Every structure is written in C-alpha cells, then in structure tokens.
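J.: sequence and predicted model, in that order:
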Amino acid sequence: MFKVKRRRGDAWPQPMFFYETGIVRGKMVVLRGYQELVVNVDETQDMLRPNTAMWVFDLHREKGTATISLSGHIEWGDVLFMRNGKRRRGHVLCALDIGPYICLFRTDGVYMYDRVSEGVTLYEALPYPDQVLSASMLNPTTMLVVQRERMLVVELDPSLFQRFSDAD
C-alpha cells in the first residue's frame, strides 16, 4: 500500500493523466486522457485505496481498425503480492492481459497474475524503478512498457504461454 499524508487544503481525490497504448496496422497508438480517481481512505492508517476510475479512455483494435471508448468506470481492488517469500497487499494502476496471465505493473517490477491459482508472483524486476503508465504487446512475446521518462522493452519467456491441462 502507498501511505498518503493529507495536508490542509488538499482536494481529494486529485485528478491525474492517463495513458493507453495499442498497436494498429503495425503502428503504436498512444492515447492521452484524463481521469478522476474516487478513493477510499482508511482514516486509521492514512492509506489510499483506488476503488473506481471514472471516464477512462480504452483503446480496442479489431481487423486493423481502432476504437476509442469511454469505459465509464473500472473497479480496483487490493492485490496480494509475493516477493522474497513475503506477502504484502498493494494495488496497481496498469495491467495487461497476455492470455493465461495478467501482467500487473508496479514501480519495482512486472508481476504475473495467474487466472487459475489467483496468485501473483514477481516475473521480472524493472531496470529503472518508476511508475508504469501503460503497456502493450508489440508481438506475442514482446511487451512495450511506458514509464514517465522512458520506454522499456520486456521479452516474455515463450513457456509462459504453454499451459497444459489433464482434461482426458
């Protein structure tokens, strides 16, 4: 969790810029939008918990075309992270669906959320710790990660996508 100290005169919630990326006809498209965060503040511990992001821009692609939509709202919840054998709760502002997993980005690294076990583990530490604004897939195993001051390319292990089941 991010601990937040409130100062007199601060407006709660504070608006922020929002970025979304996608690939359309081989070109990267970056959208810049604006969102208002509705927060639930734990008065006893001064913790900021984003619950709903209003009017977020979404970018969808289908057959070489792009569609921009206002999604209305997105529900946010706490996520239990595992790192070095320790459990801690936190939240993410950027996620990317890559099929069997959902990539969750924090300032320190890329985490993988397993849809089956509902567990979250650190996949790879980011070389430059910073808030991830957006991420998109350049090809089936290469991910582009957009931070405030730089863009990173993360290569995913192809074995992530080889899921077997005993359905026989």
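T.: That came through, no problem. Residues are numbered from 1 along each chain as shown.
J.: any stretches of this structure with poor pLDDT?
T.: In the predicted model of the chain, residues 1-93, 118, 163-168 satisfy pLDDT under 70.
J.: quickly list the domain ranges of it.
T.: The domain map for the chain lists 15-77, 78-157, with the assignment taken from automatic domain parsing.
J.: quick check, Val154 in contact with Tyr128.
T.: No - proximity of Val154 to Tyr128 does not meet the contact threshold set by C-beta atoms under 8 Å, at 11.9 Å. (Glycine included, C-beta is placed from N, CA and C.)
J.: those two: who's more crowded?
T.: Val154 (18 against 11; other C-beta atoms under 10 Å).
J.: who are the packing partners of the host helix or strand of that one?
T.: Taking DSSP states H and E as the definition, one finds Val154 inside strand 151-155. Based on contacts counted as 3 or more C-beta pairs under 8 Å, 6 or more residues apart in numbering; DSSP states H and E, the elements that strand 151-155 packs against are strand 142-147.
J.: got the angle for the strand or helix carrying Tyr123 vs strand 151-155?
T.: Per DSSP H and E: Tyr123 is located in strand 120-125. Relative orientation of strand 120-125 versus strand 151-155 (axes from the mean of the first three to the mean of the last three C-alpha atoms, to 10 degrees): 110 degrees.
J.: put the alpha carbons of the strand holding Val154 into PDB.
T.: Taking C-alpha atoms only, strand 151-155 is exported to PDB below (Å, rounded to 0.1, in the frame of the first residue of the first chain):
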ATOM      1  CA  MET A 151      10.000   3.300 -22.600                       C
ATOM      2  CA  LEU A 152      11.200  -0.300 -21.900                       C
ATOM      3  CA  VAL A 153      11.000  -3.500 -24.000                       C
ATOM      4  CA  VAL A 154      10.400  -6.600 -21.900                       C
ATOM      5  CA  GLU A 155      10.900 -10.000 -23.600                       C
END
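J.: show me what counts as buried in it.
T.: Buried positions in strand 151-155, judged by neighbour count with 16 or more other C-beta atoms under 10 Å: 152, 154.
J.: next: stretch 125-143.
T.: If you call a residue buried by 16+ other C-beta under 10 Å, then stretch 125-143 has these buried ones: 126, 132-137, 143.
J.: any idea what Met112 is bridged to?
T.: The partner list for Met112 in beta bridges (DSSP bridges) reads Cys103, Thr121.
J.: tell me the contacts of it?
T.: When contacts are counted by C-beta atoms under 8 Å, 6 or more residues apart in numbering, Met112 touches 101-104, 120-121, 123, 160.
J.: just the buried members of these?
T.: Members of these classed as buried by 16+ other C-beta under 10 Å are 101-104, 120, 123.
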